[in-house]
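In: How does the following fold in three dimensions:
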Amino acid sequence: MLPRDRILEMGASRVLCAVLCEKQLAQAKPLEPDFIGVTVPDRYVFGCGMDVKGYWRNLPTIRALR
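Out: Numbers count the residues shown, from 1 in each chain. Predicted coordinates:
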């Protein structure tokens, strides 16, 4: 059961999902967000709270490794 379904079972009248980054992947995803900040290619991205082995989490921009 998806988290969204569990929350609805608990009595919520509506559940919306927002993501900062959504990767462009070939396979299907288990959850479709209602709001997407930015779409990124299928690469390792970091910054704005996402990190690489604990580093670069506090960068003010989103970057990608090659």
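In: Contacts only, for Pro30.
Out: Pro30 makes contact with Leu2, according to CB atoms under 8 Å, 6 or more residues apart in numbering. All C-beta atoms are positioned from the backbone trio N, CA, C, and that covers glycine.
In: quick check, it in a helix?
Out: No - residue state for Pro30 (DSSP: H, G, I helix; E, B strand; the rest coil) corresponds to coil; a helix is not indicated.
In: quick one: Arg57 and Val45 touch, right?
Out: No - using CB atoms under 8 Å, Arg57 is not in contact with Val45, being 11.9 Å away.
In: hang on, isn't Arg4 packed against Cys17?
Out: Yes - taking contact to mean CB under 8 Å, the distance of 6.7 Å between Arg4 and Cys17 places them in contact.
In: residues shared between the contacts of those two?
Out: When CB under 8 Å, 6+ apart defines a contact, the residues bordering Arg4 and Cys17 alike are Leu31.
In: thinking again about what came up before, quick one, which of Arg57 and Val45 is more surrounded?
Out: The residue with more neighbours, out of Arg57 and Val45 and counting by other CB atoms under 10 Å, is Val45; that gives 18 against 12.
In: Quick check: closest non-adjacent residue to the more buried one.
Out: Using CB to CB, 6 or more residues apart in numbering and skipping residues adjacent in sequence, the residue nearest Val45 is Ala64, 4.9 Å away.
In: Helices along this structure, start to end?
Out: Using DSSP state H, the helices found in the chain span residues 3-9.
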